[in-house]
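Peer 1: Structural data only, the sequence is not supplied:
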């Protein structure tokens, strides 16, 4: 993989996060009135997004989007990355672009020149640090196969895709194109399942894709259970055997399990004060892939993943607040 | 003052903060190349704002503006407040409006419908927690005397003005109008000097205004030194005697001195982990005025001020991250 121009290319829904504290009562009320799923990613219309924004408390804005966060964390670790995702030609789009380019991520997907605004995700953080997301996709729905720069994909050692891309129909086509181009060029393809409700919405497509098309899989317990209907976690290694080269199964405060050839390596979570879990999985993936690209043993890749995730959950917002490279053990940095 | 509809009306430049970590080397380089004053508020053109944004690192966005922060902190303490300031009809303007209204601040200054964008302040936070601000005023320069709702001013027990309003010429007129309307209605007028460089730019106007027109003054050491040319802090009570009812002189980690009738009350700073000093003075003013409006002894007003400031400097961003009322001693809440 040493001939690759970029170590990691991530592709996803380009979103700006609007992060706010919320009470459990507020989430419950929104669940009863609007079906908001606590802890999940809820897709919302523009009108619903406006109403929710009116109802929620004061917020801060941070560039987000799952794969965008992974790209930013990867650069923060000292890695060489690129991103593909669609913003509009508006203020939030400029913010999103700035925050990736300024940290050294290659990003030149053209902005949408249209009436559609840059997508945003209203993140409601409950006192336990759990985040409940409400996404208005906006311009992100206009990511098309034409936005997949084949040269860029072929020049990237790993192409990483977020499962959320399955929601906008054109983005899903873009997703499949990117995976095909990457494999044709002899590159690796990585996928995160993103969200159990997203898996519910697209189960058959995910199952087809993972069989033989994904090299490195990221999933949490709920997502894997949603995908395979497994109830007993100990079955996971056997179920995943032969389906992908490596699978990283994240378990929140219980750390993560890395599965390779039917074997399981347990990784400890790094203890921290949990303020906001937004972006935890995205940072984990960046950390793991950073170690992987350096050829480190999988256990060490998992440790870097845990370090990155711990930083991101210790403050409000999904992007790192310090340079992640400064937190690494000397040999990995 | 019990007939007042609002306890506190604050008027200021409506800005969205763009907050980023920066190294000392970066600040020094910007100082040499562009005259950026470390720790100060530097006014920048739109072109310079774009260039600086391109050069600086990833950021988060938070509603800001000195008087806007004070209004938000006042509401967070449980007080009843209002705000006047000018944003544009754009995404950042919506963010600014949301963040005040959602916390319960009355805010209905019409948005500017023009080519001028909502103002923003690029805040560079150095490792010591000091913030260096670079403000593109944008729509805030279009605040005019017509935006001063006389009924609102007359219905507010205290009208609080930020010294930064002296920078845009029309806002300065609006400032003077607001002070006159408030006093005519028998209300109090409060002023914060805002920034030593701002005082330098408008020294004579500030001196004239403070003599007899300001009831409650907020200033830090540098600002007071810039205004009166005093070198010895012990002279401050004598110099301020007869000029205003109360003066709160803030001294960062050394706490603050409250001066009334030539007497000085020392207030301790509340120890905290300093992450970002953006908004410290704004929160202090909110806390002091919250206690003042409840008729508490000045020492207790100062303690509430210190509690509010300590919360705001313990995280990135100028607005409180928790409800400030939950931090108050039982009798003040």
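Peer 2: Nice, thanks for sending it over. What you see is a predicted model, and the numbers here were worked out from it, not measured in a lab.
Peer 1: how about the helices of the stretch 201-333 of chain A, start to end?
Peer 2: A:203-213, A:221-228, A:236-240, A:280-293, A:298-312 (DSSP state H, counting those that start in this stretch).
Peer 1: Highest mean neighbour count out of these?
Peer 2: Comparing the helices of the stretch 201-333 of chain A by mean neighbour count (mean count of other CB atoms under 10 Å in any protein chain shown), helix A:280-293 ranks first with a mean of 28. All C-beta atoms are positioned from the backbone trio N, CA, C, and that covers glycine.
Peer 1: Is that helix positioned near chain B?
Peer 2: No. Contact between helix A:280-293 and chain B is absent, the nearest approach being 14.0 Å (criterion: CB under 8 Å from any CB of the partner chain).
Peer 1: Can I get the helices of the stretch 201-333 of chain A in a markdown table including mean pLDDT?
Peer 2: Shown next, in a markdown table, are those (pLDDT from 0 to 100):
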| stretch | mean pLDDT |
| --- | --- |
| helix A:203-213 | 88 |
| helix A:221-228 | 93 |
| helix A:236-240 | 89 |
| helix A:280-293 | 98 |
| helix A:298-312 | 98 |
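Peer 1: Would you mind giving those helices as CSV with distance to residue B:246 added?
Peer 2: As requested, those are exported to CSV (distance: least, CB to CB, whole Å):
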stretch, distance to residue B:246
helix A:203-213, 65
helix A:221-228, 57
helix A:236-240, 66
helix A:280-293, 47
helix A:298-312, 44
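Peer 1: So for residue B:302, which of those sits nearest?
Peer 2: Among those, the nearest to residue B:302 by CB to CB is helix A:298-312 (36.1 Å).
Peer 1: so how far is the closest one off the chain centroid?
Peer 2: Per CA atoms, centre = their mean, to the nearest Å, the displacement of helix A:298-312 from the mean C-alpha position of its chain is 15 Å.
Peer 1: Mind giving me the packing neighbours of it?
Peer 2: Helix A:298-312 sits against helix A:66-76, strand A:246-250, strand A:256-260, strand A:263-267, helix A:280-293, with contacts defined as 3 or more CB pairs under 8 Å, 6 or more residues apart in numbering or on different chains; DSSP states H and E.
Peer 1: For residue B:304, which of those is the nearest?
Peer 2: When those are compared (using CB to CB), the closest one is helix A:280-293, at 35.8 Å.
Peer 1: Poorly predicted segments of chain A, please.
Peer 2: Applying pLDDT under 70 to chain A picks out residues A:1-2, A:331-333.
Peer 1: That one: strands as residue ranges?
Peer 2: A:6-11, A:15-21, A:41-43, A:60-63, A:81-84, A:106-107, A:119-125, A:131-136, A:156-162, A:188-192, A:216-220, A:246-250, A:256-260, A:263-267 (DSSP state E).
Peer 1: what residues are up against the residue positioned nearest the centre of chain A?
Peer 2: The centroid of chain A falls nearest to residue A:66 when counting by CA atoms, centre = their mean (3.0 Å). Listed by CB atoms under 8 Å, 6 or more residues apart in numbering or on different chains, the contact set of residue A:66 reads A:12, A:13, A:162, A:164, A:192, A:194, A:279, A:281, A:282.
Peer 1: Could you count how many residues lie near the third one?
Peer 2: The burial count assigned to residue A:162 is 31, neighbours taken as other CB atoms under 10 Å in any protein chain shown.
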